[in-house]
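# model the structure of this input:
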Amino acid sequence: MTKFDYKNMWVYIEHDGTTISTVSLELLCEARKLCDVTGDKLVAVAVDGLPEAELAKIRATGIDQMMVVHGTGYERYNNDAYTNLFTVLCQKYNPSAVFVGGTTNGRDFAPRFAARLNTGCTSDAIEVVYNPESGDIEFIEPAVGGKMMAVITVPVLRPQVGTIRPGTFKYEPVGEKAEIEVIHETVDFDPALIRTKLLKFIPEEDDGAVNLAAEEVVVCLGNGLSGSDKLGKYQELADLLGGKLGCTRPVFDRGILPFKQMIGQSGVVVKPKLLVSFGVSGAINHTAGMKDAGTIIAVNSDPDAAIFGVADYGIVGDMDTVCDMMIEALKARQ
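Alright, predicted model coming up:
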């Protein structure tokens with residue numbers, strides 16, 4: 001077989017039995033666009049059943065087929081059973097591409113089943129483009145510390161496997177098709193071969209106070225922040241704007257703000273209506289996490305900072321001074 005004998009694009013539907021992971025729906029919408037160009041069918045692949053309301057969300061993305069897998073070994077997520085599952089299914093159906101959400105679980109098993117199939121797996125792409133001349137999907141992502149954009153392809157082997165971080169694409173359903181083929185597959189995996197054992201489940205402690213991905217206003221702090229003693233004024237500004245604080249990796253690395261508030265390719269992808277950036281240099285691996293922000297205001301003392309290239313409004317000046325001026329102006333309007 002050549003790569004042109006492989007057909008259709010698959011999206012793995014990650015769920016907990018009740019709710020679908022948002023990234024799976026986002027990937028379905030993006031893969032739908034690719035399939036409209038390539039002529040491939042869009043196939044949603046899920047293990048066991050889902051509530052009708054969740055299935056309706058999948059159908060609304062314009063899928064052509066729904067593959068529902070049954071069998072033993074899937075009572076909880078585990079690398080062994082899911083790696084075997086996608087290896088078996090891909091060997092049977094020969095899909096051209098398989099997209100997996102870049103969640104903890106997705107990033108765990110996707111490269112392993114790709115290795116079993118002797119193909120490539122690209123992680124954390126911020127854009128996927130079909131090249132009609134080569135017939136390949138181009139996975140585009142920042143490289144060399146964000147100093148350049150890398151275009152990664154799997155030029156010979158198939159399927160093309162990629163994991164995509166949550167929030168990279170938008171959930172923009174195009175509507176349910178009149179006819180959707182439903183395929184039922186049974187792939188059993190002996191539970192005795194699962195090499196991990198669930199000892200205890202402890203839910204992640206989260207006070208719910210910060211969910212940057214859902215915020216309409218974000219105040220982002222970069223490495224220009226002199227120290228944690230300055231956080232108070234930026235928190236006050238965020239409160240006045242009705243938003244939350246975010247940061248770049250250096251601020252997280254310095255222990256000033258927690259990981260859940262880090263914006264970028266390796267952190268949270270945000271889509272606020274307003275993003276105010278202070279002391280952020282503008283490296284690609286950070287700006288990839290804010291590419292869909294509505295209005296971006298950047299404050300930096302360096303007039304040549306890369307952040308001004310993506311900002312709608314730029315202010316050259318001392319970040320602390322500008323923050324104080326913004327607070328004063330907002331209070332005067334109250």
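# ok, Phe308 - contacts?
282, 298, 300, 314 (C-beta atoms under 8 Å, 6 or more residues apart in numbering). (Each C-beta comes from the backbone N, C-alpha and C, glycine too.)
# measure it to Ala329 for me?
From Phe308 across to Ala329, the span is 21 Å (C-beta to C-beta, to the nearest Å).
# what's the answer for Ala31, then?
Using C-beta to C-beta, Ala31 is found at 45 Å from Ala329.
# which of these two has more neighbours?
Ala31 (27 against 10; other C-beta atoms under 10 Å).
# may I have the phi/psi pair for the nearest residue to that one once chain neighbours are set aside?
Nearest residue to Ala31, sequence neighbours excluded (C-beta to C-beta, 6 or more residues apart in numbering): Met9, at 5.0 Å. Per-residue torsions, Met9: phi -120, psi 130 (degrees, to the nearest 10).
# what number of residues lie near Met9?
27.
# tell me the pLDDT of it.
Met9 carries a pLDDT value of 98.
# from memory it sits against Leu42, does it?
Yes - using C-beta atoms under 8 Å, Met9 makes contact with Leu42 at a distance of 5.9 Å.
# touching both of these two, which residues are there?
In contact with both Met9 and Leu42: 31, 35, using C-beta under 8 Å, 6+ apart.
# now, among the contacts of Phe308, which is nearest to Arg165?
Nearest to Arg165 among the contacts of Phe308: Gly282, at 19.4 Å, using C-beta to C-beta.
# surely that closest one is in contact with Val310?
Yes - in this structure, Gly282 is within contact of Val310 by C-beta under 8 Å, at 6.5 Å.
# now do the shared contacts for those two.
Joint contacts of Gly282 and Val310 (C-beta under 8 Å, 6+ apart) are Ala298.
# residues in contact with stretch 251-264?
Counting by C-beta under 8 Å, 6+ apart, 206, 210, 212, 218, 220-223, 225, 227-228, 231, 244-249, 267-270, 285-290 sit against stretch 251-264.
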